[in-house]
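*Asks:* with the input below, show me the fold.
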Amino acid sequence: MALEYFSIFFPHYHYPNQKYLAKSLHQYECEDPLIEAEFIKIALGSEFRGAIGEVINENTILDSELIESITELCGSNKVTKIITYNYDDLVEKALEKAKKPVEVISNEDTYKNQGGDSNIKVFHVHGYFPDDRSELILSESEYINYLQNKSYWGDHIQNDNFNYSHCLLIGLSIKDPNLRRLMYLAYQERLKNLFIGIPHFAFLRKITAKEFIKKKNKSEYTGENANKRKEKETKRFLMMYHKLKELAYYQLGINVIWYDSHKKKDKKKDKEILLSELIKNLNHFLLKKV
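*Replies:* Next up is the predicted model:
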């Protein structure tokens, strides 16, 4: 819209192209993705959705360990529902490739008319780009409208599963305030019904000492034995930080399963460790219920 206004009122002005504008806005507003998206939406106007589609197509990941793992978990492991906050169809394509029946739920109509439990259902609660009827929740104004809509189908499906199922949260920072609100309220409801145990599980990567020290002010560590003090204080802080994060997530009904690496050479090993940790946590959880 802003570019359209520029072209109407300043026809001889050479305004920046879409990619330059988006990169520049990201540089100055990257700390708040909602506001960043709002700026880009205002700037692109009617071209906003099309621009998102171009970005999705340009950045399509053909092979993903994460999506492969999700595909393996589905069906035979009694995982029959996927709630995703992504806009693409990568999970659906992977399930189809694995010859697993899949049903996409991405708007009010598909939610109301969904089939039985024979298919693996993928719920796109923040929108689904291939579906023109699916409203994308990406910018600040869209997010505000979403929060005001108390009858939104996406919240119903999240509430149902956070209240009555056991969810595995993968690839999420869990910083979305609405997601945290829904999970907190669902867990409080379970506690009212005398539910014992933490119902959900999340994989989170630990912050390394190297990452932490890199962000710290180096001037804090000076003088004699500076390196020893730095190492000692960092270990103490990270131990406390990770434990506090676990306690904070417990309030949302989430068990944290920590992992250490994103490195390619460790992916296979990490996958085996994560799955074994998940099984161990699930067995512990089931024993507590008996």
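
*Asks:* buried ones in stretch 153-163?
*Replies:* 153-155, 157-158, 161-163 (16 or more other Cβ atoms under 10 Å). C-beta: built from backbone N, CA, C; applies to glycine.

*Asks:* out of the residues you listed, name the ones that lie in helices.
*Replies:* Among the buried residues of stretch 153-163, the ones falling in helices (DSSP state H) are 153-155, 157-158, 161-163.

*Asks:* in a strand, residue 187, correct?
*Replies:* No - in this structure, residue 187 is helix, not part of a strand, as judged by DSSP: H, G, I helix; E, B strand; the rest coil.

*Asks:* can you pull the contacts of it?
*Replies:* 162, 199, 251-253 (Cβ atoms under 8 Å, 6 or more residues apart in numbering).

*Asks:* for residue 159, same thing?
*Replies:* 182, 186.

*Asks:* ok, now how distant is it from residue 151?
*Replies:* Remark: distance between residue 159 and residue 151 (Cβ to Cβ, to the nearest Å) = 12 Å.

*Asks:* strands of the protein, residue ranges please.
*Replies:* In the chain, the strands defined using DSSP state E lie at 81-84, 102-105, 120-124, 168-169, 200-205, 254-259.

*Asks:* let me have the ones you listed in a markdown table, adding mean pLDDT as columns.
*Replies:* A markdown table is the format used below for the strands of the chain (pLDDT from 0 to 100):
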| stretch | mean pLDDT |
| --- | --- |
| strand 81-84 | 95 |
| strand 102-105 | 95 |
| strand 120-124 | 95 |
| strand 168-169 | 90 |
| strand 200-205 | 90 |
| strand 254-259 | 89 |
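
*Asks:* residue 44 is nearest to which of those?
*Replies:* Closest to residue 44 of the strands of the chain is strand 120-124 (Cβ to Cβ; 21.7 Å).

*Asks:* does anything pack onto the closest one? Which helices or strands?
*Replies:* Here strand 120-124 touches strand 81-84, helix 90-97, strand 102-105, going by 3 or more Cβ pairs under 8 Å, 6 or more residues apart in numbering; DSSP states H and E.

*Asks:* and for the residue nearest to residue 66 when sequence neighbours are not counted, the neighbour number?
*Replies:* Spatially, and ignoring its direct neighbours in sequence, residue 66 is nearest to residue 171 (5.8 Å; Cβ to Cβ, 6 or more residues apart in numbering). Applying other Cβ atoms under 10 Å, we find 14 residues neighbouring residue 171.

*Asks:* for the residue nearest to the spatial centre of the chain, what are its contacts?
*Replies:* The centroid of the chain falls nearest to residue 172 when counting by Cα atoms, centre = their mean (3.2 Å). Counting by Cβ under 8 Å, 6+ apart, residue 172 touches 85, 179, 202.

*Asks:* hmm, try it at 7 Å
*Replies:* Residues near residue 172 by Cβ atoms under 7 Å, 6 or more residues apart in numbering: residue 202.

*Asks:* where's it relative to residue 83, distance?
*Replies:* Distance from residue 172 to residue 83, by Cβ to Cβ: 10 Å.

*Asks:* where is the longest helix in this protein?
*Replies:* The chain, longest helix under DSSP H: helix 226-250.

*Asks:* what does that helix contact?
*Replies:* By Cβ under 7 Å, 6+ apart, helix 226-250 touches 198, 202, 206-207, 209, 212-213, 221, 256, 258.

*Asks:* how is this structure divided into domains?
*Replies:* For the chain, automatic domain parsing gives the domain ranges 2-58, 65-289.

*Asks:* where exactly do the helices run in the protein?
*Replies:* 2-9, 18-29, 33-44, 48-58, 65-73, 90-97, 108-112, 140-148, 153-164, 177-192, 209-215, 226-250, 267-289.

*Asks:* just the CA trace of the fourth one, in PDB.
*Replies:* Taking only C-alpha atoms (Å, rounded to 0.1, in the frame of the first residue of the first chain), the coordinates of helix 48-58 have been written out as PDB:
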ATOM      1  CA  PHE A  48       1.600  -8.900   0.800                       C
ATOM      2  CA  ARG A  49       0.200 -12.400   0.500                       C
ATOM      3  CA  GLY A  50       1.800 -13.000  -2.900                       C
ATOM      4  CA  ALA A  51       5.200 -11.800  -1.500                       C
ATOM      5  CA  ILE A  52       4.900 -14.400   1.300                       C
ATOM      6  CA  GLY A  53       4.200 -17.100  -1.300                       C
ATOM      7  CA  GLU A  54       7.400 -16.100  -3.200                       C
ATOM      8  CA  VAL A  55       9.500 -16.300   0.000                       C
ATOM      9  CA  ILE A  56       8.000 -19.700   0.900                       C
ATOM     10  CA  ASN A  57       8.700 -21.000  -2.600                       C
ATOM     11  CA  GLU A  58      12.200 -19.600  -2.700                       C
END
